[in-house]
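Student: show me how the following folds:
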Amino acid sequence: CFDPKHTFLLERQEDHPVGIWGEEGRRSIVLRYEPNSYLRMFHTLLVARITSFGTGSKFLKRYLTDPKPAMPPHLVQQIRMFSSPTVFDNWYPHFTLLNPYAGEEAMQVASHVARLFEEYKQHVVKTVCLLIQSHDEESWQIYREFDR
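Tutor: You can find the predicted model right below:
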């Protein structure tokens, strides 16, 4: 459905190119990118169409066993309807570099990583992979790769 002349593009987030996510002792250090409008449309279409084929998520299980009343209503709806609070405008494309990172110098590592990867400002997405996970604790596997 997407015109191949319209490139799916990731552009480096200049204001926060490196993210430090997670909890103390179990952080992830990631390179953060912003999708162009074509890639964001593709993401939205996939979320809307594919989620019904899933069996839930850790986000959904955690919410159902321990609902947090302070969670914003739109995140609750995203978890209930799409099994994730990281969809639509909460989707942050990234490349995970360190996971977990348990060191105490996360800010210094992030600064160093930002300098190392400074030249990687754009990535053209040439293929998209469908990943599957047979069981919760198993690694994800590429089921099929689709050319753009």
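
Student: rest of the way, CA atoms for contacts and neighbours
Tutor: Will do.

Student: so how far is the lowest-mean-pLDDT helix or strand in the chain off the chain centroid?
Tutor: Across the helices and strands of the chain, mean confidence by mean pLDDT, DSSP states H and E is lowest for helix 58-65: a mean of 90. Distance of helix 58-65 from the chain centroid (CA atoms, centre = their mean, to the nearest Å) equals 18 Å.

Student: do stretch 95-108 as well
Tutor: Put simply, stretch 95-108 sits 17 Å off its chain's centre (CA atoms, centre = their mean).

Student: end-to-end on it?
Tutor: The first and last residues of stretch 95-108 sit 18 Å apart, counting by CA to CA, to the nearest Å.

Student: the closest residue in space to P4 that isn't next to it in sequence: neighbour count?
Tutor: Nearest residue to P4, sequence neighbours excluded (CA to CA, 6 or more residues apart in numbering): R148, at 6.6 Å. Other residues near R148 come to 14 when the count uses other CA atoms under 10 Å.

Student: repeat that for V18.
Tutor: Residues within reach of V18, counting by other CA under 10 Å, total 27.

Student: same thing with S28?
Tutor: Per other CA under 10 Å, the neighbour tally for S28 reads 19.

Student: where along the protein do the helices fall?
Tutor: Counting by DSSP state H, the segments of the chain that form helices are 37-50, 58-65, 73-82, 106-116.
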